[in-house]
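**Q** okay, predicted coordinates and the sequence, questions at the end:
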Amino acid sequence: MSVGEAAPSYAALCDTRKTHPLLAYALRRTGLRTGRALDIGAGAFGDTRYLLDCGFDVDAVDPDPVATELAKGVVSGRSRFTMVADEIQNHRIIPDAYSLVVALHVLPFIPVDAIDRVADDIVSGLRPGGVLCCTHFGVRDSWVISDLPINGVTERRAAQLFTGLQPIYFGVSEHDGFDVEGNPKHWHVLRQVLIKA
């Protein structure tokens, strides 16, 4: 059973207006203003809308049928937006195409046997000076230690995953809280902002 089969639509449970604070931080810290962005696991398109409002062209990839429906609202009046309804491991990332790649709360759901290839594709898809903003679940996250097929990483593994990118920010947080459905969850989250030299 996949995570998608075990859980309801993530996009349906999220706030469509919410922008992840790591993305806002990454843009402030790097000074990146415009360009072409790839939003992997776009969900309810909060980050996509933020990027479009900032002047980016955005390609979003998400297999969730609810996300596909929500994309119709994003498309309205936005010629700089495209949506692909697919898993990122099945999608070809165009080399040297992106000034920004956003992968927030999606990397843990990529199958273990595909994560290295996807990471290489992300690095290849970034232009020189391009920025990656991403999160991982650490090895003590309650979903990682459950029976769910979740991909957890150590801090060392996260730091080594995107060969060819230089770190700008690396943060770790761990706390007890709730998931998007309101269920208790121990969060162990690794956050990265990296740049391609």
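**A** Yep, it's here. This is a predicted model, so every value here is computed, not measured.
**Q** now find how far off-centre the helix or strand hosting Thr82 is within its chain.
**A** Element membership for Thr82, per DSSP states H and E: strand 81-84. Relative to the centre of its chain, strand 81-84 is centred 15 Å away, using Cα atoms, centre = their mean, to the nearest Å.
**Q** how about stretch 61-73?
**A** 15 Å.
**Q** ok, Ala119 to Val153 distance?
**A** 11 Å (Cβ to Cβ, to the nearest Å). C-beta: built from backbone N, CA, C; applies to glycine.
**Q** mutual contacts of those two, please.
**A** Residues touching both Ala119 and Val153 (Cβ atoms under 8 Å, 6 or more residues apart in numbering) are Leu161.
**Q** before we move on, back to that, list the buried residues for the very next helix or strand once past the strand holding Thr82?
**A** Going down the chain from strand 81-84, the next helix or strand is strand 98-103, by DSSP H and E. Within strand 98-103, the residues scored as buried using 16 or more other Cβ atoms under 10 Å are Tyr98, Ser99, Leu100, Val101, Val102, Ala103.
**Q** give me the sheet partners of strand 98-103 and which way each runs.
**A** Paired neighbours of strand 98-103 in the sheet (DSSP bridges): strand 36-40 (parallel), strand 126-138 (parallel).
**Q** how long is stretch 96-110 end to end?
**A** End-to-end distance of stretch 96-110: 22 Å, with Cα to Cα, to the nearest Å as the criterion.
**Q** ok, Ile93 to Val61 distance?
**A** Distance, Ile93 to Val61, using Cβ to Cβ: 9 Å.
**Q** which neighbours do those two have in common?
**A** Leu38.
**Q** and the angle from the lengthiest helix in the chain to strand 126-138?
**A** Assignment by DSSP state H gives helix 112-125 as the longest helix of the chain. On the basis of axes from the mean of the first three to the mean of the last three Cα atoms, to 10 degrees, helix 112-125 is oriented at 150 degrees to strand 126-138.
**Q** quick one: the strands in the chain?
**A** When assigned using DSSP state E, the strands of the chain occupy the ranges 36-40, 57-61, 81-84, 98-103, 126-138, 152-153, 165-178, 184-196.
**Q** where are the low-confidence patches of the chain?
**A** 1-17, 75-79 (pLDDT under 70).
**Q** same thing but 90
**A** Low-confidence segments of the chain, defined by pLDDT under 90: 1-19, 42-46, 49, 53, 63-80, 83, 147-148, 179-182.
**Q** residue nearest the centroid of it?
**A** Ala103 (1.6 Å; Cα atoms, centre = their mean).
**Q** what sits against that one?
**A** With Cβ under 8 Å, 6+ apart, Ala103 has these contacts: Ile40, Gly41, Ile88, Ile122, Leu132, Cys133, Cys134, Thr135.
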